[in-house]
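[1] Take a look and give me a structure for this.
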Amino acid sequence: MKRFICLLGWLLIFFLLIFFGHGLAMDLDEDSSELPEDFKSSYSKLVESPNDIDEEDFTECSLFDRPFYLAGEVQFSSEFKGDYELDPAAKDDLLEIEPALKVELFYLLSEDTSIFLENEVQYKVEYYSEIGKTDNKWIFERTESWIFFDNIGESSGSLQVGRQNYEDERQWWWDEQLDSIRLHYDGVGLHSEIAVAQELAPSSTEEGRIEPKHKDIFRILSHTAWNLNDALRQDDALRLDLFGLYQNDHSSQPKVGDTVSPYEEDERDADLLWYGARVSGEVESGDRGEFEYWVDIAGLTGKEKLLAFEETDDGRRVVDEIISRDVSGWGFDTGITWHTGILNNMAMTLGYAWGSGDRNPEDEKNRSFRQTGFNEGDKRFQYYGELLNPDLSNLHIVTVSAGFPLGKSSFIDFIYHRYRQDYPALFLWESDLEAEPEGISKAIGEEWDIALTVEEWDDIEIESSVAIFTAGDAFGTLSGETAYRINFAINYLF
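    Alright, predicted model coming up:
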């Protein structure tokens with residue numbers, strides 16, 4: 001009943017946003033004759049329709065006299081991690097090599113109905129491990145498989161059903177594939193969508209099961225975007241995005257003293273709501289180049305249960321303690337990028353992000369913000385560091401970068417990050433680093449990254465990055481120690 005009421009509420013908000021957005025669009029259409037001839041209208045879809053594919057990337061065939069498109073990708077990637085425990089004496093260096101094959105199928109059943117399938121096969125090889133033990137395995141991953149119905153009832157609405165990709169423009173909210181049903185609406189200068197999602201089957205054979213943190217979790221996702229420069233009659237691009245994500249964990253919850261298998265161990269059950277907005281745009285400044293800016297702000301509220309486990313002699317887990325807490329937090333990310341117009345249009349970026357922390361972890365309210373868990377990062381590099389890559393929780397992050405175009409579609413970026421906790425704590429939320437802070441200082445450390453992207457050819461892409469993290473005083477005796485990461489990938493598209 002709780003999930004049903006929440007869904008009804010979100011559907012009401014969804015249709016209200018469409019109603020007001022559509023009314024605004026109609027007013028703009030009626031007044032369009034008053035606009036200057038050189039006004040740059042953004043009357044176009046804010047988000048690409050699933051039906052919009054680049055036919056040049058596919059091989060076209062025919063099936064039952066309908067277009068049938070086939071594409072694939074062969075990838076070879078490698079990743080070296082060094083001193084992730086921040087202890088030079090620890091044997092934690094690891095080199096992984098991962099060849100992969102991805103196949104995509106797109107079929108137009110009719111002008112308004114399409115089917116898309118995408119699956120991937122990987123072979124993960126631990127080529128070198130400092131401890132001497134390696135593990136090699138084949139992995140099959142189901143990434144996308146959906147059917148799309150466009151122009152339902154000759155309207156601007158559409159329906160998408162199946163495992164589909166969710167990706168916002170900055171990937172700050174989400175970049176994830178989910179089993180779901182999604183409604184889209186595209187109007188003049190308006191895009192809105194709402195979806196219900198729950199994992200129905202394992203996404204990968206690597207685990208062979210739905211991960212406990214995703215099992216039996218019902219989600220509602222929403223996103224609405226407007227082009228505000230149309231409404232404000234201004235030439236510079238200005239966009240407003242509204243986001244929402246509700247999750248209800250209806251998995252079975254053990255009691256104190258219950259025994260569970262290690263594969264079903266879930267340390268956190270939570271019913272949470274994220275809500276927020278983004279304002280972004282571009283300003284042209286003549287000879288001084290062009291400026292891009294963004295402001296993301298998000299709130300988090302809900303309830304969570306934390307479960308502590310003890311391990312038995314036979315390897316099972318016994319629930320030792322359950323703590324219930326309210327959750328409430330805030331986070332934001334803002335920045336500006338200056339495309340200078342010199343040195344092949346070099347770009348310089350200054351960014352700042354903050355996620356609230358919990359001053360008193362012992363009370364019954366957790367005031368730490370955390371992101372949705374579906375966030376990823378820029379397509380060229382991770383927003384918050386290629387190595388540390390933390391979730392924006394109990395953190396202040398300052399980012400400075402300089403990017404240099406090397407050709408038509410190639411870039412090299414030099415990025416610096418500085419990290420400080422909001423309140424000293426004994427952990428970093430979702431960080432890739434294996435060492436944990438000691439809760440004695442806010443100074444987490446700093447990271448230097450170099451990211452290279454080469455896309456000068458139609459069918460070959462190259463990506464590489466080098467990252468070095470230096471620990472701050474928060475790591476106690478490990479302060480000043482370094483960890484490093486080297487990544488290389490080459491993709492062949494066919």
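
[2] Looks like residue 395 contacts residue 353 (just checking).
    Yes. Assessed by CB atoms under 8 Å, residue 395 is found in contact with residue 353 at 7.4 Å. (Each C-beta comes from the backbone N, C-alpha and C, glycine too.)

[3] Pick out whichever of the two has more residues nearby.
    residue 395 (27 against 21; other CB atoms under 10 Å).

[4] partner residues bridging residue 122?
    Per DSSP bridges, the residues bridged to residue 122 are residue 100, residue 139.

[5] How many residues are close by it?
    20.

[6] which residues touch it?
    98-100, 138-141 (CB atoms under 8 Å, 6 or more residues apart in numbering).

[7] so what's the residue nearest the centre of the chain closest to, chain neighbours aside?
    With distances taken as CA atoms, centre = their mean, residue 375 lies nearest the centre of the chain, 2.4 Å away. Using CB to CB, 6 or more residues apart in numbering and skipping the chain neighbours, the partner closest in space to residue 375 is residue 172 (5.7 Å).

[8] quick one: the one you found from residue 292, how far?
    Using CB to CB, to the nearest Å, we find residue 172 at a distance of 15 Å from residue 292.

[9] since we're on residue 360, how many residues are nearby?
    For residue 360, using other CB under 10 Å, the count is 10.

[10] Kindly report the same for residue 320.
    11.

[11] can you pull the buried residues of stretch 123-131?
    Across stretch 123-131, burial judged by 16 or more other CB atoms under 10 Å covers 124-125.

[12] do the same with stretch 282-289
    Neighbour counts over stretch 282-289 (16+ other CB under 10 Å) mark 283, 289 as buried.

[13] quick one: that stretch to chain centroid distance?
    Taking the mean of its C-alpha atoms, stretch 282-289 sits 30 Å from the chain's own mean (CA atoms, centre = their mean, to the nearest Å).

[14] Can you give the contact residues for it?
    Contacts of stretch 282-289 (CB under 8 Å, 6+ apart): 235-237, 290-293, 338-342, 345.

[15] can you rerun that using 10 Å?
    Stretch 282-289 is touched from outside by 229, 234-239, 290-293, 336-342, 345-348, with contacts defined as CB atoms under 10 Å, 6 or more residues apart in numbering.

[16] Select only the buried ones of those residues in PyMOL?
    Here is the PyMOL command that selects the buried residues among the contacts of stretch 282-289 (16+ other CB under 10 Å):
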select buried, resi 229+237+238+239+290+292+337+338+339+347
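
[17] so of the contacts of stretch 282-289, which ones are in strands?
    Using DSSP state E, the members of the contacts of stretch 282-289 that fall within strands are 238-239, 290-293, 336-339, 347-348.

[18] which residues of the stretch 251-400 of the chain score low on pLDDT?
    377-380 (pLDDT under 70).

[19] where exactly do the strands run in the stretch 151-300 of the chain?
    In the stretch 151-300 of the chain, the strands defined using DSSP state E, counting those that start in this stretch lie at 157-167, 175-187, 190-197, 217-227, 238-249, 259-260, 268-284, 290-311.

[20] Quick check: neighbours of the first one in the sheet, parallel or antiparallel?
    Okay, so that is strand 157-167. strand 136-149 (antiparallel), strand 175-187 (antiparallel).

[21] Could you measure from residue 143 over to residue 183?
    Taking CB to CB, one finds residue 143 at 22 Å from residue 183.

[22] more crowded one of these two?
    residue 183 (19 against 16).

[23] Okay, and the beta partners of the more buried one?
    residue 159, residue 194.

[24] so it touches residue 160, yeah?
    Yes. If you go by CB atoms under 10 Å, residue 183 and residue 160 touch, sitting 8.0 Å apart.

[25] For the two, list the residues in contact with both.
    Residues within reach of residue 183 and of residue 160 at once, by CB under 10 Å, 6+ apart, are 193, 195.

[26] first vs last residue of stretch 126-138, how far apart are they?
    Using CA to CA, to the nearest Å, the end-to-end distance of stretch 126-138 comes out at 12 Å.

[27] I meant to write stretch 279-292 there.
    11 Å.

[28] what's the angle between the helix or strand where residue 114 lies and strand 157-167?
    Assessed by DSSP states H and E, residue 114 sits inside strand 113-129. Relative orientation of strand 113-129 and strand 157-167, computed by axes from the mean of the first three to the mean of the last three CA atoms, to 10 degrees: 10 degrees.

[29] per-residue confidence averaged over strand 113-129?
    Over the span of strand 113-129, the pLDDT mean works out to 95.

[30] now do stretch 194-201
    pLDDT averaged over stretch 194-201 gives 96.

[31] buried sites along that stretch?
    Buried residues in stretch 194-201 (16+ other CB under 10 Å): 194-199.

[32] now swap in stretch 260-270 and tell me
    For stretch 260-270, using 16+ other CB under 10 Å, the buried residues are 260, 266, 269-270.

[33] Show the contacting residues for the nearest residue to residue 476 once chain neighbours are set aside.
    Closest residue in space to residue 476, ignoring its immediate chain neighbours: residue 438 at 4.3 Å, by CB to CB, 6+ apart. Applying CB under 10 Å, 6+ apart, we find residue 438 in contact with 424-426, 473-479.

[34] between those, which is closest to residue 386?
    Residue 386 has its nearest neighbour among the contacts of residue 438 in residue 475, at 19.1 Å by CB to CB.

[35] hang on, the earlier thing: and the gap between the residue nearest to residue 476 and residue 418?
    Residue 438 is 19 Å from residue 418, by CB to CB.

[36] Out of the contacts of residue 438, give me the two with the largest separation.
    For those, the maximum inter-member distance is 17.8 Å, found between 425 and 477 (CB to CB).

[37] Of those two, give the one with the bigger neighbour count.
    Taking neighbours as other CB under 10 Å, residue 425 and residue 477 compare with residue 425 leading, 22 against 10.
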